[in-house]
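A.B. asks: Sharing a model that was predicted from the sequence below.
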Amino acid sequence: MRVIIGSNFCNLCNPATRKYVYYRTISCLCLLILNLSATADRAQRPKEAPLGVAWQVRGRWQIEGKGPQILTGDAIPPGSLLQPTEEDGDHSILIFLPDGQRILYECFVALECARGFRVPSLYREPDGFAVDMLARIRTVLSRRSRDQESGQSQAPRLAREETLAALGPGNRVDIGGLVAKLPNGRYTYDLRPLDPASPRQSHVLLDKNAPTVTLPLPSPGLYDLTISDQLNTQRIDVFIAAVKAEQSADVMKSYQDATALIRDWNSNYQGWPIHDFQRAYLESLVLGINPTQTGTETAIPTEKAQRAGITAEPVFFPKPGLFAGDTAVTLRCDTPGATMHYTVDSSQPFDTSPVYHAPIMVKGTALTIKAFAVAPGEKESAVVTGIFWIHE
């Protein structure tokens, strides 16, 4: 009888081979353990919550009364407590959240500022594109200088537009849109590259005799174009994002999706700075700026904990969000003997605002309710906001 021994089996008889197989097996087991450990660690980590963005911040604000001062473009966790300094003066801040909510908070005297303002929680889970878009916008805004002009429109206010243009032969681009609405004739333009290393072009003659105009650009990049008439009166301001032809399709798709989303949010919660946010988004795409999904040093709250000596914050029922028809909203405060003051016109509630006694009816399209509570012997609660939207 013949016994045939496979070559692999024979190789194991070699001491050097056995040693190699042993260490190879140990190495694989270690890698497997490390991978399983990393997977378990990721599973145990709390899910990173989408963040909002602060806009047009006036006065000094902090999250939870500590940490760095909030500036335009900073990340704002939904559900966090915004607290202005208790100094008299103009304090205001706009908050935009990745589910489309827009909220304005303002106070003018120390007593009103001392309450603080609770940012609403997200009423729906935003999709990945919405989170990425707002993160890109926030990253661009936070990269800009933090002077008083940061994040705000230039003055004087002109008709504004953003355009994404593919560079043609000779680095030329065709500009339409608002330009098409200008009467045919002679104009001048100023071209200001966002790249400080590129030269600025001033008072360049421009003859418009067609729906579009063709302009030569130094290179791909971002430009601010201002067109003036023969009386040197500025007429329109166009933000140009110029890309190579092979890049235009991908960038255009992302930009169109972002524009549609911002305009949709603005139709539900009017007041989104459409042009500023579109420009910031284009800037992130063209310059390849990676979005950051990082907040402040303050942790995102998982619940509104009761603060000692402070009246409990009013609670909405049902929770704010989208509803199919007219809805009755009730307010509840867990502090015995508390009185709740509220408004239904997006303004800040004061001690003189109506006292809550009965459910508030939400009819038509949308209603923003802001409320705070006060109880004898305790400080007033923070102002809470509930946005209730009726689906048409």
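C.D. replies: Perfect, thanks for sending it.
A.B. asks: where does this structure have low pLDDT?
C.D. replies: For the chain, applying pLDDT under 70 flags the ranges 1-48, 145-156, 292-307, 392.
A.B. asks: centroid residue for it?
C.D. replies: When CA atoms, centre = their mean is applied to the chain, the residue found nearest the centroid is residue 134 (3.4 Å).
A.B. asks: For it, which non-adjacent residue is spatially closest?
C.D. replies: Distance criterion CB to CB, 6 or more residues apart in numbering; nearest residue to residue 134, sequence neighbours excluded, is residue 98 at 4.8 Å. C-beta: built from backbone N, CA, C; applies to glycine.
A.B. asks: The one you found - how many residues pack around it?
C.D. replies: When neighbours are counted by other CB atoms under 10 Å, residue 98 registers 26.
A.B. asks: mind listing what it touches?
C.D. replies: Residues near residue 98 by CB atoms under 8 Å, 6 or more residues apart in numbering: 50, 51, 52, 122, 126, 130, 131, 134.
A.B. asks: still on that earlier bit, which residues are in contact with the helix or strand where the residue nearest to the centre of the chain lies?
C.D. replies: Counting by DSSP states H and E, the element that carries residue 134 is helix 128-143. Residues from elsewhere that reach helix 128-143 (CB under 8 Å, 6+ apart): 50-53, 55, 71-75, 96, 98-99, 150-151, 257-258, 261-262, 277, 280-281, 283-285, 289-293.
A.B. asks: Next, the buried residues of that helix.
C.D. replies: Buried residues in helix 128-143, defined by neighbour count with 16 or more other CB atoms under 10 Å: 130-142.
A.B. asks: and what of stretch 206-219?
C.D. replies: Neighbour-count burial for stretch 206-219, counted by 16+ other CB under 10 Å, picks out 206, 208, 213, 215, 217.
A.B. asks: Pick out whichever of the residues you listed sits closest to residue 193.
C.D. replies: Using CB to CB, residue 217 comes nearest to residue 193 of the buried residues of stretch 206-219, at 8.6 Å.
A.B. asks: pretty sure that closest one contacts residue 173?
C.D. replies: Yes - between residue 217 and residue 173 there is a contact at 6.0 Å, judged by CB atoms under 8 Å.
A.B. asks: got any residues that touch both of those two?
C.D. replies: With CB under 8 Å, 6+ apart, residue 217 and residue 173 have common neighbours 167, 240, 242.
A.B. asks: Make TSV out of those and add neighbour count.
C.D. replies: Conversion of those to TSV gives the following (neighbours: other CB atoms under 10 Å):
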residue	neighbour count
167	19
240	23
242	23
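A.B. asks: Those residues in helices, which ones?
C.D. replies: Using DSSP state H, no member of the shared contacts of residue 217 and residue 173 falls in helices.
A.B. asks: Nearest to residue 270 among those?
C.D. replies: For the shared contacts of residue 217 and residue 173, the minimum distance to residue 270 (CB to CB) is 27.3 Å, reached by residue 240.
A.B. asks: Quick check: the closest one touching residue 165?
C.D. replies: Yes - between residue 240 and residue 165 there is a contact under CB under 8 Å: 5.9 Å.
A.B. asks: my guess is residue 348 contacts residue 108, does it?
C.D. replies: No - counting by CB under 8 Å, residue 348 does not reach residue 108; the two are 9.2 Å apart.
A.B. asks: who's more crowded, these two?
C.D. replies: Set residue 348 next to residue 108 and count neighbours by other CB under 10 Å: residue 348 wins out with 19 against 14.
A.B. asks: Am I right that the more buried one sits in a strand?
C.D. replies: No - secondary structure of residue 348 (DSSP: H, G, I helix; E, B strand; the rest coil): coil, not part of a strand.
A.B. asks: roughly how far apart are it and residue 358?
C.D. replies: Computed as CB to CB, to the nearest Å, the residue 348 to residue 358 distance reads 22 Å.
A.B. asks: what comes up buried for stretch 188-196?
C.D. replies: By 16+ other CB under 10 Å, the buried positions in stretch 188-196 come out as 188, 189, 190, 191, 192, 193, 194.
A.B. asks: repeat for stretch 219-226
C.D. replies: Residues of stretch 219-226 classed as buried by neighbour count (16+ other CB under 10 Å): 220, 221, 222, 223, 224, 225, 226.
A.B. asks: need the strands for the stretch 101-250 of the chain, in chain order.
C.D. replies: Along the stretch 101-250 of the chain, counting by DSSP state E, counting those that start in this stretch, strands occupy 102-107, 117-118, 159-166, 172-175, 185-193, 201-208, 213-216, 221-228, 234-243.
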